[in-house]
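**Q** 3D, please:
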Amino acid sequence: MPKTWILVSNNRQARFLQRSAESSVLDELADFISPHSSMASETPAGDISGDAGKGHGRTAHSGTQFEPKTSELEKERHSFARQLADYVNKGVSDQHCHRLVLIASSQMLGELRPLLTQAAHKMLYRTVAADLTKYQGEELRQRVKEAMAPPG
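**A** Purely as a prediction, here's the structure:
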């Protein structure tokens, strides 16, 4: 029986849901919480910890070279996206699902998509930039149904 995996996520938490082809019931497969989710809520948006980058000013180097600085928040978001992608990629390779739906904040979608395998990309049915993590029960089911509906 064909199964659809639905990821509902933001940068701090994620839920994997499963729906069989003949049912509108959503079964919860797994929950993920970013290990640094409390830190993410305390860090102001755009705050970059540390210096602007590594450089060589008045040292033996004749020029100045700067490396791009990645904030701790960005590193944590990428690590969380990697964890979610690994779960999806394994589920696809083990043939636990036949279709994927990603419903996530735009930042998480941007982090997650490049981490999916080619096989997982082939199973993508829909991606929706929305944060539905705060919804439960019937309201979540209804919002997922709306997100999965064809546009138009």
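**Q** quick one, what contacts the residue positioned nearest the centre of the chain?
**A** Centroid check for the chain by C-alpha atoms, centre = their mean gives Met108 as the closest residue, at 3.9 Å. Residues counted as contacts of Met108 (C-beta atoms under 8 Å, 6 or more residues apart in numbering) are Ser9, Asn10, Asn11, Ala14, Arg77, Phe80, Ala81, Leu84. Quick note: C-beta positions are derived from backbone N, CA and C, even for glycine.
**Q** figure out the helix or strand that the fourth one lives in.
**A** If I follow you right, that is Ala14. Using DSSP states H and E, Ala14 sits in strand 13-20.
**Q** which residues are contacting that strand?
**A** 1-9, 25-34, 37, 80, 84, 87, 97, 104, 108, 133, 144.
**Q** re earlier: check the contacts of Met108 against Pro114 and report the nearest one.
**A** Nearest to Pro114 among these is Ala81, at 8.9 Å by C-beta to C-beta.
**Q** for the closest one, give its distance to Leu26.
**A** As judged by C-beta to C-beta, to the nearest Å, Ala81 and Leu26 stand 22 Å apart.
**Q** for Asn89, same thing?
**A** Look at Asn89 and Leu26: by C-beta to C-beta, they are 22 Å apart.
**Q** neighbour-wise, which of those two wins?
**A** Taking Asn89 and Leu26 together and counting by other C-beta atoms under 10 Å, Leu26 has the greater number of neighbours (19 against 16).
**Q** so the residue nearest to the more buried one when sequence neighbours are not counted bridges to which residues?
**A** Computed as C-beta to C-beta, 6 or more residues apart in numbering, the closest residue to Leu26 that is not its neighbour in sequence is Leu17, at 4.5 Å. For Leu17, the beta-bridge partners under DSSP bridges are Ile6, Glu28.
**Q** what is the burial count for Leu17?
**A** Neighbour number of Leu17 under other C-beta under 10 Å is 20.
**Q** what's the answer for the one 5 residues further on, then?
**A** Counted by other C-beta under 10 Å, the residues lying close to Glu22 total 8.
**Q** that one falls within a helix, correct?
**A** No. Using DSSP: H, G, I helix; E, B strand; the rest coil, the secondary structure at Glu22 is coil, not a helix.
**Q** ramachandran angles for it?
**A** phi -90, psi 10 (degrees, to the nearest 10).
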